[in-house]
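# Let's see this in three dimensions:
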Amino acid sequence: MFEFEENLAHAAKIKVIGVGGGGGNAVRTMIRSKLDGVEFIVGNTDVQALRNHEAMVKIQLGNDLTRGLGAGSNPTVGRDAALEDVRCIQEALAGADMVFITAGMGGGTGTGASPVIARIAKEVGALTVGVVTKPFSFEGKRRLSQAEIGIQELRKEVDTLITIPNERLLTVATKDTPILDSFKMADDVLLQAVKGISDLITIPGLINLDFADVKTVMRETGMALMGTGRAHGENRALEAAKQAISSPLLENVSIAGATGILLNITGSSNMTLFEVNEASKLIQEEAHPEAHIIFGAVIDDKMKDDLRVTVIATGFQREGDSKVVNMPERQPYVLKSWARAKAQSQTQPAGSQTTTPASAVSRPSQYTPSESPHFQPGERVETRSRFETETPRSMFETTPRFETPKRAPVPQATPMLAEVAFEKEDPPFKAKINFEKEETDLKKMMSEVDLANIDDEYDIPAFIRRRAD
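Predicted coordinates for the structure are as follows:
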């Protein structure tokens, strides 16, 4: 007889990290929605934004570089800030099976730091998914250009990338829609994507899907479409499937030609086989004829009369692309650069290495110090790592290279001394003796002495007097 005990330690760990201001806002929306089974992290160069955030794990990026004042819309500063705190990021992402990276592209921290964080997430072995927004057109050509180049750099580092143009908010929001509600629509795309993945992994299904199925569809596949549709009524299966593949907020992509599809249909016990067939057939017709489709079905009585369809489509073409472009293979070297820096540090004389304070506002409680990276959070390695030298710097051509200003040495405080006026000392006394005058005075004194009566004035000892007699 076998006894099975539920061990949550072996469940897939999903972590979501919001980078910069936009990413932090998206994570805040997810936290307030009370999504379970996900760990939330925020990283920012703006320390004030971190202090006011609800996330349990907060990383201040580039404390020495930015002093907590932000990246100033400069992607180079954001990139260098993340490189300054590679160790902190690695600690926060350690142990994750899947990492969602969310950011608003076009600024400084999100645009520059996201590719660095994605590379670190890959190095710790996590399936890495990027969900980013593109700026409005009224934000200017410079910001749009920085966003496009930043997305290209991020695409090289993640397994799957989802982009949400903020311009699409103008098509789904009305004139009376408050601005906060409009941006919440974009945040909900990330929420539904993460919730869809976590539900697929954690909720046992009639036709079960696990994390290995998710990795099969999403590993090294480039741009992706992730959507969720929910409907009720007579044609609920078709309506939910159409909503899932036609989100108006997603980038201008088409599911046509998708080579990998993960499909999950969730409904109550009244869901019929005919409805499952309808939804699956619609998705299959839109995809590539030879697409790898992984199907799952879940019975959840909480759905009542609703039916939900979740679709993750990868490996599809953009309009104008002649073929599906997969992610290029990369050799891991972030951790190797740590080991190389550690070997160099061992050759330095004792006492020559200084330790700077950690720049993380808070750390994961389960962190155990690793011996592989030798440097502390906030400490820069003297030699440039292969990550810095091999990653193309094209994304930063629109902005000048940020040079850290050399700070003037802080003058040492001089102790305050009270000025006390001392009186001038008198010169040493020197006696002047007049020998002639002294001799005259001595003779005068002797002449006045009565030598005859001297015996009367001086007491002569008795034994001397007896001897004299």
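# measure residue 276 to residue 298 for me?
According to CB to CB, to the nearest Å, residue 276 stands 11 Å off from residue 298. (Each C-beta comes from the backbone N, C-alpha and C, glycine too.)
# quick one: common contacting residues for these two?
Common contacts of residue 276 and residue 298 (CB atoms under 8 Å, 6 or more residues apart in numbering): residue 265.
# element containing residue 295, please.
Using DSSP states H and E, residue 295 sits in strand 292-299.
# Likewise for residue 309?
Using DSSP H and E, residue 309 maps to strand 306-314.
# And that strand, what does it pack against?
helix 179-202, helix 211-218, strand 222-232, helix 236-245, strand 260-267, helix 273-286 (3 or more CB pairs under 8 Å, 6 or more residues apart in numbering; DSSP states H and E).
# Could you pull up the mean pLDDT of it?
Taken as a whole, strand 306-314 has an average pLDDT of 88.
# what pairs with that strand, and is each one parallel or antiparallel?
Strand pairing for strand 306-314, using DSSP bridges, gives strand 222-232 (antiparallel), strand 260-267 (antiparallel).
# Pull the residues that contact the strand holding residue 295.
199-200, 203-209, 213, 216-217, 259-269, 271, 276, 280, 283-284, 287.
# Can you flag the buried ones in those?
Buried members of those, counted by 16 or more other CB atoms under 10 Å: 199-200, 205, 209, 213, 217, 259-267, 271, 276, 280, 283, 287.
# all strands for the chain, in order.
Secondary structure of the chain (DSSP state E): strands at 14-19, 38-44, 57-60, 98-104, 127-134, 160-165, 222-232, 260-267, 292-299, 306-314.
# Mind putting the ones you listed into CSV with distance to residue 187?
Shown next, in CSV, are these (distance: least, CB to CB, whole Å):
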stretch, distance to residue 187
strand 14-19, 10
strand 38-44, 13
strand 57-60, 19
strand 98-104, 9
strand 127-134, 9
strand 160-165, 9
strand 222-232, 14
strand 260-267, 22
strand 292-299, 25
strand 306-314, 18
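# looking at these, which is closest to residue 66?
Proximity to residue 66, assessed across the strands of the chain by CB to CB, is greatest for strand 57-60 (8.9 Å).
# nearest residue to residue 166 other than its sequence neighbours?
residue 136 (4.9 Å; CB to CB, 6 or more residues apart in numbering).
# Correction: the previous question concerned residue 47.
Closest to residue 47 by CB to CB, 6+ apart is residue 68, at 3.4 Å.
# What's the per-residue pLDDT of that neighbour here?
On the pLDDT scale, residue 68 gets 89.
# And the pLDDT at residue 344?
51.
# pLDDT below threshold where in the stretch 301-450 of the chain?
Flagging of the stretch 301-450 of the chain using pLDDT under 70 yields the residue ranges 316-450.
# contacting residues for residue 139?
Neighbour list for residue 139: residue 106 [criterion: CB under 8 Å, 6+ apart].
# before we move on, the earlier item: and the strands paired with strand 306-314, which one's lowest on average pLDDT?
Of all the strands paired with strand 306-314, strand 222-232 has the smallest average pLDDT, which comes to a mean of 84.
# List the buried residues of that strand.
222, 223, 224, 225, 226, 227, 228, 229, 230, 231.
# Can you tell me which of those residues is closest to residue 160?
residue 224 (4.2 Å).
# Next up, the contacts around that closest one.
Contacts of residue 224 (CB under 8 Å, 6+ apart): 129, 160, 161, 162, 218, 312, 313, 314, 316.
# go on, residue 300?
203, 266, 267, 268.
# Now render the residues you listed as a markdown table, adding distance to residue 41.
Converted to a markdown table, these look like this (distance: CB to CB, whole Å):
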| residue | distance to residue 41 |
| --- | --- |
| 203 | 24 |
| 266 | 28 |
| 267 | 34 |
| 268 | 35 |
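# Check the burial of the spatially closest residue to residue 259 that is not a sequence neighbour by counting its neighbours.
Counting by CB to CB, 6+ apart, the nearest residue to residue 259 once its immediate chain neighbours are dropped is residue 315, at 3.6 Å. Residue neighbour count, defined by other CB atoms under 10 Å, stands at 25 for residue 315.
# what about residue 315, distance to residue 201?
Applying CB to CB, the value for residue 315 to residue 201 is 21 Å.
# thinking again about what came up before, closest to residue 27 among the contacts of residue 300?
If you rank the contacts of residue 300 by distance to residue 27 using CB to CB, residue 203 comes first, at 22.8 Å.
# Can you pull the phi and psi angles for the closest one?
The phi/psi pair for residue 203 (degrees, to the nearest 10) reads phi -90, psi 120.
# so who does it touch?
Residue 203 makes contact with 266, 298, 300, according to CB under 8 Å, 6+ apart.
# How much space separates residue 179 from residue 18?
Residue 179 sits 19 Å away from residue 18, going by CB to CB.
# which of the two has more neighbours?
residue 18 (30 against 9).
# The more buried one bridge partners, please.
With DSSP bridges as the criterion, residue 18 is bridged to residue 42, residue 102.
# Which one of the contacts of residue 203 is nearest to residue 239?
Using CB to CB, residue 266 comes nearest to residue 239 of the contacts of residue 203, at 14.5 Å.
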